[in-house]
Each structure stands twice: as structure tokens, then as C-alpha cells.
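Colleague: Structure for the following, please:
(one chain, ligands or ions: 1)
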Amino acid sequence: MEKIVIIGNGIAGVTAARHIRKNSDNEILIISAETEHFFSRTALMYVFMGHMRFQDIKPYEDWFWEKNRIDLKFDYVERVDTDTKSLQLKSGQSVNYDKLIIATGSKPNKFGWPGENLNGVQGLYSYQDLEMLEENSKTAKSAVIVGGGLIGIEMAEMMISRGIEVTLLVRESVFWGNVLPQKDGELINRHIKEHHAKLRLHTELKEIVDDGNGNVAAVITQNGEKIDCQIVGLTVGVTPNVNFLKESNIQIDRGVVVNEYFESNIQDVYAIGDCAQFTKSVNGRRNIEQVWYTGRIMGETLAQTICGNKMAYNPGPWFNSAKFFDIEYQTYGWVFAKLQEGEKDFYWEHPKGKIALHIVWDSSTSVFKGINVFGIRMRHQLFDQWLKGQAKVEEVMANLKTANFDPEFYSHYEKDIIQKFVEETHKNVDLKPKTWWRKLITNA
Ligand SMILES: Cc1cc2nc3c(=O)[nH]c(=O)nc-3n(C[C@H](O)[C@H](O)[C@H](O)COP(=O)(O)OP(=O)(O)OC[C@H]3O[C@@H](n4cnc5c(N)ncnc54)[C@H](O)[C@@H]3O)c2cc1C
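Modeller: Below is the predicted model of the structure:
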């Protein structure tokens, strides 16, 4: 029996622990410093907006851990000594391990802006950030959110739900413009304005102004505009949370450098989740993946290796989903902000401007590369199969009815989409009737 110590009780660490327990009798200890128990970070906004209580976003009851012989320690790891295989904790204790899993997540970026440490300036990552936002929004009338990304738009929605006026500063010409193509981003721009948030495009932060008492009074943009506010949300991306490892022998670049088995340069030390940085990209994906479901897959995969069934990370085609106020977004495969060489695309948008589809394929082979959908829900498994099997764009388009899993009483737009697709691309596509979707999946 070995002692497995996991630093970080987020989705990656906890999934690893659960699966190690399923597959072995090893001793398991999770050390984490944010909250005593695992919670769903992605649902923090719903706690703030009053849709859920904090206890509702804890996926497991508090008794789960003891029952499953997973020991928890609420403490901060200050140092890792890989020679003695020991950890030094903030409480003064030290802990030994046979195998160590680093799953310490991310922290919000700061870029050294003047005033970035004033009261009222904050990111949104941790439970403590949520508490701080709760405090900061008690008296705030207006907020400026810096950065056009998924956490920024969540913060905007949270502020607006409390009647706080929001201005978003976005460097690109459209919201999330380093990820979304222009037309997709324009749809989101319009939607943000409909929700009465002000959107400053092509705008970067220059400095944050002090009110004379150490609190935020305003921001000044690179364009020279001064915007009064009492809260500044810094949502300009996140960085792996690995500073505490700097003195150790573990190789750090932006994150903990690992191979496809999550092995670091030191034997018996692994990293998973947001803090892991792959030496080689897996399936064309980014070297650092800061999304929930990949943390879960990494935890599950590493547990296999730890339990003697060595397994490489193989997450399959990229997908992601998010929400921009009330527009749901899903993406499967790769739809880049700018078309890549040799790619063609087709964009359809409903006249009401809240539903859209953007599909990309290889212009010479017609092989389907990726799709963005807004306000339409698609079946993940089907797109996964199409991407893995290099399906042609014609096959994907012809089966849109089956790919859509919106309930029957929702409006469906496949006819309009196909009509425009055929007009624009001159491709021969006949929309097929909806079929039992599992029929389209091999081995289902
Ligand atoms: C507001 C918000 C919304 C999001 N929404 C989505 C979404 O809709 N979809 C999606 O896919 N992703 C979303 N994400 C990203 C997703 O939540 C993360 O990718 C995921 O939670 C990372 O999991 P993790 O287990 O790697 O790390 P984390 O969840 O960050 O857990 C790591 C834990 O380790 C602790 N820790 C760090 N260092 C130490 C140390 N030295 N000692 C002890 N403990 C330590 C940290 O305090 C933290 O509790 C969102 C993130 C945020 C902040």
C-alpha cells in the first residue's frame, strides 16, 4: 500500500482521489487551502446571484470523504522536498508521500497596472474572491471589468444582477475576439449591449485611480478615457498556480511540465488540471488546458497509472461550452478566430440575432473541422464521432436535425440553415429527417 498525497481539492485532484480509491487500497490524502470541501467553481456565479446556496454546489456530502477513506487536510503547502519526499505545510506540519499529485489550479493574471492592488480591485477565481465581491458590491454603483473572456462576462452578469452599472474593456474588436470569429463575436457584442452593459472595444486599461484612501475611484484607459467605478474586475486570463514549487527540483515553465502520462521530471511526482503544462500538445490541443472537463479526464486517467494500469492522456477532439448572459454556446473541433489556410466556413444567424451556427471545413477535402453554435444545443457524442471519423461537412449538415437535441417543442431552424448553406456553397446537401441519434453512432 502506498501513500498518495494530492495538493488541491478541485475537480482534477478530487477525481484522481475518487478513482484511486475505486481501483486500489492506497492511502489517500488531499491537502487544500481554499475550502475544506470540494465545490464546483463553475457555479460560483449562481451562489452570488442567489440561485443556489454554497452547500448546493458541493457535489459530495461532507461524510463522503471519510466513508471512502479519503483523508482531507485544510492547509497550504509551502514547500516540496522531492529528495526526502516530504511537504512543508503553513501550519508547521510536514507530510511524507510515496507519490505526489500536484493539482493546484490557476490564479487570475495581473499585469502590474498602477493601482491594481487597491481595495475594490479583484479577480474571480476562488471562494475568497466570491466573498470579496460580495463585500465590494455592497456599496458599489459601478464596475469596470477588464478583459473580454468567459469569466469577465460572468462577472458582468453578476454585477448587473445587483443593479451595478457595468463597463467592459475589451482589447479586440469583438468580445472574446482571440477565440471567436468576427461574426460570432459581433452577435455577443450586441447581446452584451442588450443587457445594458457598456462595451468599450479596442480599449485597454492604463491605470486604476486611488480615491485617496486606498480604494478604487476610477480607471483610465489607454485611449485616455476616465471611467468612475468602485469595483474593477481583472479578468484577463489565468496562470497556473505553481509559485510555491519554485524552490523545488520540479521543472516549472508556466505550469508543471509533464508528459502525456502527467509525469514531471521527478519520479513519483505528477501534475494534472489547470496547473499541468504538456511538453507536447495532445491531439492538437493547447499545452495548458484550463477547463473543467479536462481536469476531470486528467484525474481519471492519472488514477489508472497510479493504480498500475499506465495510461496516456487522450481527451479526444476539443469541445467547450459556456454562456453569454442568456445565449448558450457550444464548440466542437476547431473554429479559430481567423480562418486557417485551406479552410472554408459558413455562418448562419437567425434574424432575431440570438441563435447562430458557424461551421468550418477543409476546402480541398470537405472534411469537417469544427462548429460553433449559439442558442442551439448539439449532441456531443455525434460531433465527437464526426471529428474522429473525419466526416465530410455535407454529412454533418445533412444530419443537423439528428445532431440537435433541443426538445421537440423548441423552434428548429435546420431548413433555413441548409437552404442558405446550399445557396452559398453550391454543395449538394439534402436535409435528412431526424433519426434515432444512436443509429448514427458506431458501436452505440
Ligand atoms: C468563475 C469561473 C467560472 C468557470 N467556468 C467554467 C466553465 O463554465 N466551464 C469550464 O470548463 N471551466 C470553467 N472554469 C474553469 C474551471 O473551473 C477550472 O478549469 C477548474 O476548476 C480547474 O480545476 P483544478 O482541479 O485544476 O484546480 P482548482 O479548481 O483551481 O483547484 C485547485 C485547488 O488547489 C488549491 N491550492 C493551490 N495551491 C495550493 C497549495 N500550495 N497548497 C494547498 N492548496 C493549494 C487552490 O486553492 C484550489 O482550491 C471556470 C473558472 C472560474 C474561476
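
Colleague: who in the stretch 1-150 of the chain is up against the ligand?
Modeller: Contact residues (C-beta under 6 Å from any ligand atom) of the stretch 1-150 of the chain with the ligand: 7-13, 31-34, 41-42, 44, 76-77, 103-106, 124-125. All C-beta atoms are positioned from the backbone trio N, CA, C, and that covers glycine.

Colleague: What ranges does the stretch 151-300 of the chain have for its helices?
Modeller: Per DSSP state H, counting those that start in this stretch, the stretch 151-300 of the chain carries helices over the ranges 182-194, 292-306.

Colleague: what about the protein, any weak spots by pLDDT?
Modeller: Applying pLDDT under 70 to the chain flags residues 437-440, 442-444.

Colleague: what do you get if the cut-off is 80, keeping everything else the same?
Modeller: The chain contains residues with pLDDT under 80 at 283, 407-411, 436-444.

Colleague: since we're on the residue in it positioned nearest to the ligand, how many residues are nearby?
Modeller: Relative to the ligand, the nearest point of the chain is G105 (1.9 Å; C-beta to the nearest ligand atom). Using other C-beta atoms under 10 Å, G105 has 26 neighbouring residues.

Colleague: now do F409
Modeller: Neighbours of F409 (other C-beta under 10 Å): 5.

Colleague: do the one 4 residues further on as well
Modeller: Using other C-beta under 10 Å, the number of residues around Y413 comes to 18.

Colleague: need the contact list for it.
Modeller: W348, H350, I355, I376 (C-beta atoms under 8 Å, 6 or more residues apart in numbering).

Colleague: Apart from its chain neighbours, what residue comes closest to the second one?
Modeller: It refers to H350. Spatial nearest neighbour of H350, excluding adjacent residues (C-beta to C-beta, 6 or more residues apart in numbering): Y413 at 6.2 Å.

Colleague: For G375, see how far away that neighbour is.
Modeller: 10 Å (C-beta to C-beta, to the nearest Å).

Colleague: overlap in contacts of the two?
Modeller: Common neighbours of Y413 and G375, counting by C-beta under 8 Å, 6+ apart, are H350, I355.

Colleague: that older thread, if you rank the contacts of Y413 by neighbours, which is first?
Modeller: Of all these, I376 has the most neighbours under the rule other C-beta under 10 Å, reaching 24 neighbours.

Colleague: Helix, strand or coil: sort out that one for me.
Modeller: Here I376 is recorded as coil under DSSP: H, G, I helix; E, B strand; the rest coil.

Colleague: okay but it is in contact with P407, surely?
Modeller: No: proximity of I376 to P407 does not meet the contact threshold set by C-beta atoms under 8 Å, at 11.9 Å.

Colleague: count of residues packed around Y60?
Modeller: Y60, neighbours per other C-beta under 10 Å, totals 15.

Colleague: Leaving out the residues flanking it, which one is nearest to it?
Modeller: F38 (6.5 Å).

Colleague: sec struct for the one you found, please.
Modeller: coil.

Colleague: how about the strands in the stretch 1-150 of the chain?
Modeller: All strands of the stretch 1-150 of the chain, identified by DSSP state E, counting those that start in this stretch, fall at 3-7, 27-32, 70-74, 77-81, 86-89, 94-96, 99-102, 106-108, 121-122, 142-146.

Colleague: How many neighbouring residues does L187 have?
Modeller: 27.

Colleague: So the nearest residue to it once chain neighbours are set aside versus E172, what's the distance?
Modeller: In this structure, L187 finds its nearest non-sequential neighbour in A356, 5.5 Å apart by C-beta to C-beta, 6+ apart. As judged by C-beta to C-beta, A356 and E172 stand 18 Å apart.

Colleague: repeat for R21
Modeller: From R21 over to E172 the distance is 45 Å, taken as C-beta to C-beta.

Colleague: Report whether stretch 309-324 contacts the ligand.
Modeller: Yes: using C-beta under 6 Å from any ligand atom, stretch 309-324 comes into contact with the ligand via A322.

Colleague: surely N215 meets N119?
Modeller: Yes: counting by C-beta under 8 Å, N215 does reach N119; the two are 4.6 Å apart.

Colleague: Name the residues of the stretch 251-400 of the chain found near the ligand, please.
Modeller: Counting by C-beta under 6 Å from any ligand atom, the residues of the stretch 251-400 of the chain lying close to the ligand are G273, D274, Q290, V291, W292, Y293, G295, A322.

Colleague: How about the residue nearest the centre of the chain: what's its closest non-neighbour residue?
Modeller: By C-alpha atoms, centre = their mean, the chain has its centre lying nearest to V291, at 3.3 Å. Nearest non-adjacent residue to V291, counting by C-beta to C-beta, 6+ apart: N320, 6.1 Å away.

Colleague: List the contacts of that neighbour.
Modeller: Counted by C-beta under 8 Å, 6+ apart, N320 has contacts V291, Q330, T331.

Colleague: Which ones among these map onto strands?
Modeller: Q330, T331 (DSSP state E).

Colleague: if I look at G115, how far off is T203?
Modeller: For G115 relative to T203 (C-beta to C-beta), the value is 17 Å.

Colleague: And V170, by the same measure?
Modeller: For V170, the distance to T203 equals 6 Å [C-beta to C-beta].

Colleague: which of these two has more neighbours?
Modeller: Shown here are V170 and T203; by other C-beta under 10 Å, V170 has more neighbours (24 against 20).

Colleague: Can you give me every residue that contacts D71?
Modeller: E27, I28, L29, I30, W65.

Colleague: Any chance of those residues in CSV with neighbour count as columns?
Modeller: Listed next are the contacts of D71 as CSV, based on neighbours: other C-beta atoms under 10 Å:
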residue, neighbour count
E27, 16
I28, 24
L29, 18
I30, 25
W65, 22
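
Colleague: between those residues, which is nearest S366?
Modeller: Distance to S366, by C-beta to C-beta, is smallest for I30 among the contacts of D71, at 48.2 Å.

Colleague: Tell me where the stretch 301-444 of the chain has helices.
Modeller: Taking DSSP H, counting those that start in this stretch to define them, one finds helices in the stretch 301-444 of the chain at 380-388, 393-398, 400-403, 414-425.
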